[in-house]
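In: heads up, no residue letters with this:
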């Protein structure tokens, strides 16, 4: 007699997660993560997860690690923000880093000038840009605080009076 029942035929095309991991060439835990993320059709039988064999055999895992330079070169690079801006107004807007290089200061000082409304910012795609003409023409405002007191020769001599001797 044949020991397989009619139900066995339904699960003939399904394999365990461990067997799927051996076929794909990964660990059981990695395969379980792929199953959990929904990469494969699954059935649960008696508390065990079974995976469709045909999907496992046709699965192509992503390459591990950082993409090689050759793989990156094949991808068409997206237009960068400066290219888009420079096509319309070449050199009109510059980044905060470029503004700092032009003025000879740090980037936080440029950000501080923007925050204090001394430079006009333009936000494009999450980057803050400033007008090149403003950066080049920027002149620091004089400090309007109280000027320091200057000591002159006469004032210092008036303050230093000779002491009187005490009589005992």
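Out: Looks like it came in fine. Given the structure is predicted, the values throughout are model-derived calculations rather than measurements. Residues are numbered from 1 along each chain as shown.
In: which residues of this protein fall in strands?
Out: 14-16, 42-45, 48-52, 93-95, 121-124, 127-131 (DSSP state E).
In: elements contacting the second one?
Out: The contact analysis (3 or more C-beta pairs under 8 Å, 6 or more residues apart in numbering; DSSP states H and E) places strand 42-45 against strand 48-52. Glycine gets a C-beta too; all of them are placed from N, C-alpha and C.
In: rerun that using 10 Å as the cut-off
Out: The elements that strand 42-45 packs onto, with contact taken as 3 or more C-beta pairs under 10 Å, 6 or more residues apart in numbering; DSSP states H and E, are helix 6-10, strand 14-16, strand 48-52.
In: got it, and the third one?
Out: With contacts taken as 3+ C-beta pairs under 10 Å, 6+ apart, strand 48-52 sits against strand 14-16, helix 17-24, helix 28-37, strand 42-45.
In: Same list, these, but as a markdown table with distance to residue 112 please.
Out: Below are the helices and strands packed on strand 48-52 laid out as a markdown table (distance: least, C-beta to C-beta, whole Å):
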| stretch | distance to residue 112 |
| --- | --- |
| strand 14-16 | 62 |
| helix 17-24 | 54 |
| helix 28-37 | 46 |
| strand 42-45 | 57 |
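In: Thank you, goodbye.
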